[in-house]
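Participant: Show me how the following folds:
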Amino acid sequence: MSMEVNKDDNMVSDMILIVDDDEINRGIIDNIFSPYYSTDEAADGLEGLSKILADPDKYCAILLDVMMPKMNGLEVLRKLSDEELTSRIPVFLITAEVNSESLHEAYHLGVMDVILKPVTPYIVLRRINSIVELFRARKRLGNRVERQNIKLLENAKKIIELNQGMIEALSTAIEFRNGESGEHVRRIRDITQYLLEHTELGEGLTAEQINNIALASVMHDVGKIAIPDNILGKPGRLTPEEFEIMKTHTVQGGLLLEKIPQLRDNGVYEYAFDIARHHHERWDGRGYPDGLKGDEISLWAQIVSIADVYDALSCKRCYKDAFPREKVLRMIRDGECGTFSPKLLKCFFEAEETLCKLYDGNA
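Facilitator: Numbering: from 1, shown residues only. Predicted coordinates for the structure are as follows:
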């Protein structure tokens, strides 16, 4: 009888364990199977169980006598069932006699077949081969599926990383146009993520949601791509007319994000759109573009708002020098650059000792 060899067979065991207290019986069974399989032997149920539990993947089948000292075959079978191994390794009972009650229990515990002694070599070989090949094929398929799943996960991770890279590249390009180095968007992301992960602001959010919000935060000023250069890079104070044009970057940002279909299928989109449109809203309702007030403003838009103010005050811009840390904190506390919720301010000041380290050498 030939055994077909598959390239995945080296990942699937070809060893049969013969558990029988009679050395002659073990020898007979070994002679039947040794031309086609590697064999291992145990002289009683306890020894057999010990070998199986030590390395379950070592065996492609277990041939188990019923009547044995120390631990009989049904007791071994119960232990294997408790360990959920009968679904992974086909187990065959080989016995001279078995009553209907024991037979019922054996099949209930997951035995694949019951073979009566004395065994007929070609019959037992055919019956066991068929089951073993079924289990081997199932395991090979499982191995292939697992490898394919790993590959799919790796590809998905690469796509996610590529999407994140493109998002960050777009946001950084806009910062360059605004005369910034691109560090601004990365600091906004880091501040947002830190506040969500290390303060009560992130309570109730999953790690995935926090990561999505942090990534979305880098797109808060994406609408500035629609603002003319002479306004975006103006070194002095904007005129009222110019400021009205500058304010439109919030609406323009939302419109731009709506026109990227690939982004709309991404978990980042709902946060990115909301942040881009509403990160200049104020707790007192005097912000723009929609005049939202209090908790009408989403948590993430509020966090990006205070992060944006903190970063703008702490760094040199084309229209101003960086302010000292003490002045930055005073201006935020006194509401000179917008109003924020008491809870947000509390969490921000609790975290600021850490956040200020992002500005070593910048302020």
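
Participant: separation between the most centrally placed residue in the chain and Gly202?
Facilitator: By Cα atoms, centre = their mean, the chain has its centre lying nearest to Glu208, at 8.5 Å. Applying Cβ to Cβ, to the nearest Å, the value for Glu208 to Gly202 is 12 Å. For the C-beta atoms, the positions are set from N, CA and C on the backbone; glycine is no exception.

Participant: Same check on Asn266?
Facilitator: Per Cβ to Cβ, Asn266 is found 21 Å from Gly202.

Participant: Same question for Gly267.
Facilitator: Distance, Gly267 to Gly202, by Cβ to Cβ: 16 Å.

Participant: okay, the two: which has more neighbours?
Facilitator: When Gly267 and Gly202 are compared on other Cβ atoms under 10 Å, the one with more neighbours turns out to be Gly202, at 20 against 15.

Participant: Which residue, other than its chain neighbours, is closest to that one?
Facilitator: Of all residues not flanking Gly202 in the chain, Leu196 sits nearest, at 3.7 Å (Cβ to Cβ, 6 or more residues apart in numbering).

Participant: got a list of what the one you found touches?
Facilitator: Residues in contact with Leu196 (Cβ atoms under 8 Å, 6 or more residues apart in numbering) are 202, 205, 210, 213-214, 303.

Participant: List just the nearest of the residues you listed to Leu255.
Facilitator: Nearest to Leu255, judged by Cβ to Cβ, of the contacts of Leu196 is Ile213 at 20.9 Å.

Participant: where does Pro56 sit relative to Arg264, distance-wise?
Facilitator: Distance from Pro56 to Arg264, counting by Cβ to Cβ: 47 Å.

Participant: Check Ile28 too.
Facilitator: From Ile28 across to Arg264, the span is 69 Å (Cβ to Cβ).

Participant: Who has more neighbours out of the two?
Facilitator: Higher neighbour count among Ile28 and Arg264: Ile28, with 17 against 14, using other Cβ under 10 Å.

Participant: Against Ile94, how distant is the more buried one?
Facilitator: Going from Ile28 to Ile94 by Cβ to Cβ gives 10 Å.

Participant: can you list residues touching both of the two?
Facilitator: Contacts common to Ile28 and Ile94, judged by Cβ under 8 Å, 6+ apart, are Val119.

Participant: Can you give me the neighbour number for Glu83?
Facilitator: Neighbour number of Glu83 under other Cβ under 10 Å is 13.

Participant: my guess is it meets Leu53, correct?
Facilitator: Yes. Using Cβ atoms under 8 Å, Glu83 is in contact with Leu53, at 7.0 Å.

Participant: Now do the helices in the stretch 151-300 of the chain.
Facilitator: Using DSSP state H, counting those that start in this stretch, the helices of the stretch 151-300 of the chain run over residues 183-198, 207-217, 229-232, 240-247, 249-258, 261-264, 269-278, 299-314.

Participant: Give me the distance from the fifth one to the chain's centre.
Facilitator: Just to be clear, that refers to helix 249-258. With Cα atoms, centre = their mean, to the nearest Å as the basis, helix 249-258 stands 30 Å off its chain's centre.

Participant: What of the first one?
Facilitator: Between the centre of helix 183-198 and the centre of its host chain there is 21 Å, according to Cα atoms, centre = their mean.

Participant: same thing with the third one?
Facilitator: Helix 229-232 has its C-alpha centroid displaced from the chain centroid by 42 Å (Cα atoms, centre = their mean).

Participant: Fine by me, we can end here.
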